[in-house]
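Fold the following for me, if possible:
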Amino acid sequence: MKTEQWIELLACSAGPAPRGVAARRLTAALGAGLVASVAIAVLGLGAVPGTMFMTPAPWFKLVYAAAMVAAAAWLAAKLARPLVAGVRRPATAVAAVLALVAAAGLANWFATPQAARLPALLGHSSWSCPAAVLGLSLPALGAVLWALRALAPTRPRAAGAAAGLAAGAAGAFGYALSCTEAAISFSALWYTLGIAASSALGALLGGRALRW
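Take a look at the predicted model:
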């Protein structure tokens, strides 16, 4: 049999490529990482008082984190493919989440009496919040990078940054269940710094771990 005939036979017998492989792998990895982050936060740091859920503060944090997980996972799934295409929409979704959070933080800043603005922004844990979010992101970051290694990203740093962004948001979700800070301006700033640190770490690790 000639080589051309052999290639044609293999191509005809291959069948359609499976769909949604990247999404399924990343969803499973992020789900496992999110569960780990929540468990570590609640069991290790303690859960917020139930009365806090009568205020907007924890809901803002949870909705922010969940929206960023979804947007960043969408971006990571696009970057996991050999031919990077169609990243504009998920990148726009990530930017939209950040813009809405920034707008909410600024609105809360200006709605707070001037004398209380800086204390509300700094809270009692501004020094530890980004580090806690970063630490709680590590289980999800490891899981997502492992999932991406089985796929075919051609831009390893960008894929790693997207993985870190999603993992950071998962860490923020877990930390939101332990954080007693009430100011939305606090969450908009310090949670975002923690998520950004996770994204930077993902880019650094992805440049090595995801290289072909």
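
Give me the residue at the spatial middle of this protein.
residue 166 (1.6 Å; Cα atoms, centre = their mean).

Give me the neighbour count for the closest residue to it other than its chain neighbours.
Distance criterion Cβ to Cβ, 6 or more residues apart in numbering; nearest residue to residue 166, sequence neighbours excluded, is residue 72 at 3.7 Å. For glycine as for every other residue, the C-beta is placed from the backbone atoms N, C-alpha and C. Residues lying near residue 72 (other Cβ atoms under 10 Å) number 32.

Specify the local secondary structure of residue 72.
Using DSSP: H, G, I helix; E, B strand; the rest coil, the structure places residue 72 in helix.

pLDDT score for it?
pLDDT recorded at residue 72 is 95.

Give me the distance between it and residue 140.
The gap separating residue 72 from residue 140 is 10 Å, by Cβ to Cβ, to the nearest Å.

shared neighbours, these two?
Residues within reach of residue 72 and of residue 140 at once, by Cβ atoms under 8 Å, 6 or more residues apart in numbering, are residue 166.

re earlier: could you double-check that the residue nearest to the centre of the chain sits in contact with residue 30?
Yes. Residue 166 is within contact range of residue 30, at 5.9 Å (criterion: Cβ atoms under 8 Å).

so what sits against both of these two?
Counting by Cβ under 8 Å, 6+ apart, the residues touching both residue 166 and residue 30 are 69, 73, 140, 144.

mind listing which of these are in helices?
69, 73, 140, 144 (DSSP state H).

which of the residues you listed are buried?
Restricting those to buried positions leaves 69, 73, 140, 144, with burial counted as 16 or more other Cβ atoms under 10 Å.

give the contact list for the second one.
Contacts of residue 73 were listed using Cβ under 8 Å, 6+ apart, and they are 26, 27, 30, 166.

Secondary structure element holding the third one?
It refers to residue 30. helix 21-40 (DSSP states H and E).

in that helix, what counts as buried?
Quick answer for helix 21-40 (16+ other Cβ under 10 Å): 22, 25, 26, 29, 30, 32, 33, 34, 36, 37, 38, 40.

Quick check: residue 63 vs residue 103, distance?
Counting by Cβ to Cβ - residue 63 and residue 103 are separated by 14 Å.

neighbour-wise, which of the two wins?
Set residue 63 next to residue 103 and count neighbours by other Cβ under 10 Å: residue 63 wins out with 17 against 11.

And whichever strand or helix holds the more buried one, what's buried?
Counting by DSSP H and E, the element that carries residue 63 is helix 56-79. For helix 56-79, burial by neighbour count (16+ other Cβ under 10 Å) applies to 57-58, 60-61, 63-79.

what mean pLDDT would you report for stretch 179-198?
96.

what do you get for stretch 130-140?
96.

mind giving me CSV with the shared contacts of residue 166 and residue 30 and columns for distance to residue 124?
Listed next are the shared contacts of residue 166 and residue 30 as CSV, based on distance: Cβ to Cβ, whole Å:
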residue, distance to residue 124
69, 26
73, 32
140, 26
144, 31
